[in-house]
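**Q** Structure for this input, please:
(chains A and B)
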Amino acid sequence: MRANQAALLNRRTVLAASAGSLAMPFIARAQANPLKIGIQSIFSGPIALLGTSSRGGFQPEIDRINATGGLLGRQIQPVYRDSKGQPQEAARVARELVNTDGCELLLDAEASSGAFAVQEVVRDLGVLCIHCAAETSSLTADPKLRAPTAFRSARQGVHDAIVGGVHSAKVAEAKKLTKWATCSPDYAFGRDTTAQFLEFLKHFAPNVETVSQSWPKLGQPDFTEVITKILQARPQALYSALYAGDLSAFINQGNVYAMFGAMEVFVPAMGDLPVLTGVKNLPAGIQSACRYLPAFPDTAANEAWYEAYRKANNNDYPTNWSWECATGIRLMEAAVKKAGSTDGKGVAAALEGLTIDSVFSTTGKVTMRAEDHTLIDYAIGWGTTIPKAPFLTAIEPGDWGQIAELETEWKKKNGYV
Amino acid sequence: MDASALLDCVTTSSCLVTQTTSGLIVGMLLFLVAAGLTLIFGVLKIVNFAHGTFYMLGAYLAYTVFQITGSYWLGVLGGGLGMALFGVLFERFLIRRVYGANVLMQLLICYAVVLICDDLVKIVWGPDFRAMGMPPEFQVPPLFILGGVVPPFYLVLIAVSLLIGGGLGLTLGLTKIGKIVRAAAHNPDMVSALGINTTLLYSLVFAAGGALAGLAGGLAAPVRSLTPGMGFSILIESFIVTVIGGMGSIGGALIAAVVLGLIRSFGTIGFPQFTEGLMYIAMIIILVSKPSGLFGKEIV
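**A** Next up, the predicted model:
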C-alpha cells in the first residue's frame, strides 16, 4: 500500500511537474502577449513604392508606441505581407493575417483594387481595419460597400476632385482651356477619380469639353501610343491620375514629344517627393495636388516629422502614403486606448467621430467622420511644379466647408445618402 | 470602338506619321527582346521564360553604367554585354541540366531565376522605381514631319534596333557561325557528329539571346521606369510576337513585332477600350489560319 502510495505520489509529482513544464511557455507567452497587427501592401513590382513608403510611415509610429510601453500594455508586433498588387492575393493575405497569424487589427495599405477585396474579408471576420492608402471614394462613401469595422485614413478621391476642380476651373477660366484630355490607369481608382475630377471641373467651368480619354494598364511599360493619341486630339489641357513609376515613365516619354509644352497639365499625384525627385527632367508648370510636402502645411511640426521620417528610413523621402499610414496607426492607437480592447466593434465605435492632433492638417487636427468612416480636415491643396525644391509653389489650400457641401451633393447624386 | 477617329487618323498625314513612328518604336524594342527569345527556342528548343528578366537586368545595368560614366551608349553596351555574360552563366549552370527534360522542369528553373533576380534587384537597386532620364544629347525638341510629331531619340532607337536586327540576320544568313547555328537548329546531332563543339555553340546562342534582351533594356531605359518585375509585361508581349512570327524565326519576329506595335498605336485610337484584346485577336487569327505562325516551320 505504502509502496503504492509512494508510486502514486511519484506519479503525481511527475505529472504535476510535467504539466508545469508544459504550461511554462503559455505562461511566458501570456506575459509577453504581443499585439499582432497585420499590415499588407504592395512591396514588389512597379508600385512597390506604395509598400515601402507605407512601412516607412507605420514603423516609426510602432517603435514610438512600443518604446512608451506599447498599446494596452502590449508590445505591437507588426506582421507585414506583400499582396503583389493582386486583389485575390490581397483578400487571401488579409484572411491569413487574421486566421493564421493571429493578428487582432489590420492596417491595409493596398491600392484601391486590393482594398475592396480586403474590405469583404473584414466584413466577414469583423476585425477592425483601417485602409491607409486606398483613395477610391466609393470604398467608404457607398453604404452598400462600406463595412462596419472598416475605416479610411487615406485621402478620398472626391475630396481631391473637388479641390482640384475648384483650382483647375480657375486656371481653365484664366487661360481659356476648354478642350481637355484625360489619361488615367485602367482600374477603379483611375476611372473614379477621373470621372469625379471632370464632374467638379465642369461644375465650376461649364465650357470644358473632353476631347480624348485614355486608360493605360497599371504598370504598362510603354505609353507612347497613349501620348501620341493625346497629341492627335490637340487638347489645351490634360488631366492624369497616373502615379509612382507609371507617372515617371509617362513624363519621360511625354518629354520626348514635348507634350508638356503643348498643353496645360494637371496631375494630382505629381506633388509627392519621390516622384518630384525621381523624375528626371521634371517639366515646370504642372498643376498638381500637394500629396505630401514638408512645406504644406508650412509648420515646424510637419518639418520635424519629415526630418524624423527620413532619419528613420535611410534618408528616403516620405510619400503621400506615408502620412496616410502614420495617421492610420495614430487613429488606431487612440481608438484602441479609448475602447480599452482590440475588439472590432468596440474599436469601431471609438473611432467614429474621433479627432486627434495631427501635423498633416492646416488646423492641427484630423477627424474620422462618423457617418462614412473617412478622414477629413487633412491638409489638401493644389499648386504648380518647379524643377527644384520645394518643387510645388503657390499652393492653394482647399476649403473643408466647401468640400463637405459639394461632397454631400455628390453623394446625393450617386444615391449614397 | 471609335471608327470615325480611326478613319480620321489614317486619312490625316500628321496622325499617320505620328502613330506609325509610335508603332515602330514600340515594335522595334519588342523585336529585340523577342529575337533573343526566338533564337534560343529555334536552336535549343528551350522556351526561356526568364527572358524578361534579361531585359530588366539589362536596363538596370545600363542605368548603373550611365550613372557612373554619364554615357548612354556605354550604358547600352554595358547592358548588352552584362546580359551576354549572364546568358552564358544561366545556360552553363542551370539550363544545360534540363535539356530534353520535361518542359515543366524548364519552366520551374526559369521561374525560380525570375523570382531570385527580382529580389536581387530589390536588394541592389531598391524596390522603388528608378529613372535614368534622357541623356543630354537627346534633350532636343521633336521633329515635325508632314505635321506629325517624331522624337529624334525614337528615330535613333529605330535605326539602332534595325542595325542590330539586320546584323543578326546577316550573321545567321551569311557567316559560317550563322550556318552552324542554323544547322544546329535543324539537326544538332549531325552538327555534333561533324566535330563541332555544340556545348560552346549553345552557350553562344544564350549569350546572343541575353545580349539582345539586355540591349533592348538599355536602349529603352531613358524613357521607361525601372522597377523589379518590369520584365514580366514585356515577356508576355514577346511571347505573342514569337508565336505570331513563328517560333524560331527572326524575320517572323521582326514582322510580328512591327505589326503588334502598329496594332497598339492605331488600336488605341480606334479601339481605346480594347487595344490589348486586339493583340490577342491578331494572334488567334494568325494561329487559326497558320498554326505554326507567319514564318514558322509547318508542324507535321
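
**Q** From now on I want contacts and neighbour counts done on CA atoms only, so please keep to that.
**A** OK.

**Q** Report the central residue of the chain.
**A** All of this refers to chain A. Centroid-nearest residue in chain A, with CA atoms, centre = their mean: residue A:133, separated by 1.5 Å.

**Q** Chain B was what I was after
**A** With CA atoms, centre = their mean applied to chain B, the nearest residue to centre is residue B:33, 1.1 Å.

**Q** Residue B:146 contacts residue B:13, doesn't it?
**A** Yes: the pair formed by residue B:146 and residue B:13 meets the contact definition of CA atoms under 8 Å, at 6.0 Å.

**Q** Chain B against chain A: which residues are in contact?
**A** B:15, B:18-19, B:22-23, B:26, B:127-134, B:139-142, B:149-151, B:153, B:222-230, B:233-234, B:264-266, B:268-269, B:272-273 (CA under 8 Å from any CA of the partner chain).

**Q** How far off centre is the helix or strand harbouring residue A:321?
**A** Using DSSP states H and E, the element containing residue A:321 is helix A:320-339. What separates the centre of helix A:320-339 from the centre of its chain is 12 Å, taken as CA atoms, centre = their mean, to the nearest Å.

**Q** which strands and helices sit next to that helix?
**A** helix A:48-67, strand A:105-109, strand A:128-131, strand A:287-292, helix A:344-351 (3 or more CA pairs under 8 Å, 6 or more residues apart in numbering or on different chains; DSSP states H and E).

**Q** can you rerun that using 7 Å?
**A** helix A:48-67, helix A:344-351 (3 or more CA pairs under 7 Å, 6 or more residues apart in numbering or on different chains; DSSP states H and E).

**Q** circling back: for the residue nearest to the centre of chain B, what are its contacts?
**A** Residue B:33 sits next to B:212, B:213, B:216, B:238 when contact means CA atoms under 7 Å, 6 or more residues apart in numbering or on different chains.

**Q** Next step: these restricted to helices.
**A** B:212, B:213, B:216, B:238 (DSSP state H).

**Q** By neighbour count, which of those residues wins?
**A** The most crowded member of the ones in helices among the contacts of residue B:33 is residue B:213, carrying 35 neighbours; neighbours defined as other CA atoms under 10 Å in any protein chain shown.

**Q** correct me, but that residue touches residue B:53?
**A** No: here residue B:213 lies out of contact with residue B:53, judged by CA atoms under 7 Å, at a distance of 8.7 Å.

**Q** Now do the SS call for residue A:182.
**A** Following DSSP: H, G, I helix; E, B strand; the rest coil, residue A:182 is assigned to strand.

**Q** Could you tell me how many residues sit around it?
**A** 23.

**Q** Also residue B:197?
**A** Using other CA under 10 Å, residue B:197 is surrounded by 11 other residues.

**Q** Which helix or strand lies directly C-terminal to the helix or strand of chain A with the lowest mean pLDDT?
**A** Least confident helix or strand of chain A, by mean pLDDT, DSSP states H and E, is helix A:2-32 with a mean of 48. Following helix A:2-32 in sequence order, the next helix or strand is strand A:35-41 (DSSP H and E).

**Q** where does that following strand sit relative to the chain's centre, distance-wise?
**A** Relative to the chain's own centre, strand A:35-41 is displaced by 15 Å; criterion: CA atoms, centre = their mean.

**Q** Check the average confidence over it, would you?
**A** Throughout strand A:35-41, pLDDT has a mean value of 98.

**Q** can I have that strand written out in PDB, keeping just the CAs?
**A** The C-alpha coordinates for strand A:35-41 follow below in PDB (Å, rounded to 0.1, in the frame of the first residue of the first chain):
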ATOM      1  CA  LEU A  35      -0.400  42.700 -30.000                       C
ATOM      2  CA  LYS A  36      -0.100  41.500 -33.600                       C
ATOM      3  CA  ILE A  37      -1.200  44.000 -36.200                       C
ATOM      4  CA  GLY A  38      -1.400  42.700 -39.800                       C
ATOM      5  CA  ILE A  39       0.000  45.200 -42.300                       C
ATOM      6  CA  GLN A  40      -0.500  44.500 -46.000                       C
ATOM      7  CA  SER A  41       0.600  46.400 -49.100                       C
END
